[in-house]
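Next comes the sequence, and after it the predicted model I'd like to discuss.
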Amino acid sequence: LTPMILRRFSECCPPCSVLVCMGCCYHRMSMDGDKFCCFPLSAGMRTVVDGTKKKCPDWKLNAFGLRLAAQETRARWRELSAADHHLHMKRVAFRAVLETAFESEEIKRMQMQKVVKDEECDTFQSYISAALNHLDTSSEQHEKLKKTCMKAYSQFEPHFHFVEPFTALQVLLQPLLESLIITDRVLYLTESGMSSSVVAMFDDFISPRNLAIVATKP
């Protein structure tokens, strides 16, 4: 939607002379094969991307990178307590184990109807019990899936402590990836003959998507 708005603004005539646009959900941009249809928008960013690919042929910006760009910033991460980090680790790790079990039993993730509550994440057993209660399966399938979950838990539990360090790396990469996208959009407007800038509309602790592209026509 944002690339379409920018293109319409650059192509249309006055009286539409000022644009204030806040983007989100970068990973939902349309794709043509393994390439994004709307990135890069600007000639300047295309030059940078093409040069990077020549030096590093395997490099590409994919949906996973753009999803990371749309995640939370460091503002809330810095305020998390040790207990908050521990709960986050369990939620991420437990969900990963559950999805691993789903894949092995060929159960679609969309069959999950509700999100497991924080108080149900005390142990993996309580998490699994709460999660499986939301599945529309027979008692036989229920028990089979529970055994698969416990087996996967035993396999992956020694690696749970890696969750928070990897999350910290994601938090550090997030602003770099978001800046790449926003810079491309500002360059596009500038190349179209407009005066454009990026303005922080409010503290990113309130909402991580706080950056607005502001553009005016001459």
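Cool, the structure landed. Worth saying up front: this structure is predicted, and the values here are computed from it rather than measured. Numbering: from 1, shown residues only.

ok, Asp204 - contacts?
Neighbour list for Asp204: Thr73, Ala75, Asn210 [criterion: CB atoms under 8 Å, 6 or more residues apart in numbering]. Just so you know, the C-beta spots here come from the backbone N, C-alpha and C atoms, and that holds for glycine as well.

now, among the residues you listed, which is nearest to Lys144?
Proximity of the contacts of Asp204 to Lys144, judged by CB to CB, is greatest for Thr73, which lies at 41.6 Å.

picking that back up, looking at the contacts of Asp204, which one is closest to Phe160?
Nearest to Phe160 among the contacts of Asp204: Thr73, at 24.7 Å, using CB to CB.

residues near that closest one, how many?
By other CB atoms under 10 Å, the residues close to Thr73 number 19.

right, and it touches Leu176 too?
No: counting by CB atoms under 8 Å, Thr73 does not reach Leu176; the two are 11.5 Å apart.

Secondary structure element holding the residue nearest the centre of the chain?
The centre of the chain sits closest to Arg67, judged by CA atoms, centre = their mean, with a distance of 2.7 Å. Assigned by DSSP states H and E, Arg67 belongs to helix 63-69.

Beyond that helix, next helix or strand please.
Counting by DSSP H and E, the element after helix 63-69 in chain order, helix or strand, is helix 74-77.

what does that following helix rub up against?
Taking CB under 8 Å, 6+ apart as the rule, helix 74-77 contacts Thr167, Ala168, Val171, Leu172, Gln174, Pro175, Asp203, Asp204, Phe205, Pro208.

one more time with 10 Å
By CB atoms under 10 Å, 6 or more residues apart in numbering, the surrounding residues in contact with helix 74-77 are 84-85, 88, 167-168, 170-172, 174-175, 203-208, 210.

Which members of the residues you listed are classed as buried?
Buried residues within these, defined by neighbour count using 16 or more other CB atoms under 10 Å: His88, Thr167, Val171, Gln174, Pro175, Asp204, Pro208, Asn210.

which of these lies closest to Phe94?
For the buried ones among the contacts of helix 74-77, the nearest to Phe94 is His88 (10.8 Å; CB to CB).

Any chance of a markdown table for the buried ones among the contacts of helix 74-77, columns distance to Thr2?
Output for the buried ones among the contacts of helix 74-77, formatted as a markdown table (distance: CB to CB, whole Å):
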| residue | distance to Thr2 |
| --- | --- |
| His88 | 29 |
| Thr167 | 27 |
| Val171 | 23 |
| Gln174 | 18 |
| Pro175 | 18 |
| Asp204 | 18 |
| Pro208 | 16 |
| Asn210 | 15 |
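
In a markdown table: these, plus distance to Asn133, secondary structure and pLDDT.
A markdown table is the format used below for the buried ones among the contacts of helix 74-77 (distance: CB to CB, whole Å; DSSP: H, G, I helix; E, B strand; the rest coil; pLDDT from 0 to 100):
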| residue | distance to Asn133 | secondary structure | pLDDT |
| --- | --- | --- | --- |
| His88 | 23 | helix | 93 |
| Thr167 | 28 | helix | 94 |
| Val171 | 33 | helix | 92 |
| Gln174 | 34 | helix | 93 |
| Pro175 | 39 | helix | 93 |
| Asp204 | 37 | coil | 90 |
| Pro208 | 32 | coil | 90 |
| Asn210 | 38 | coil | 91 |
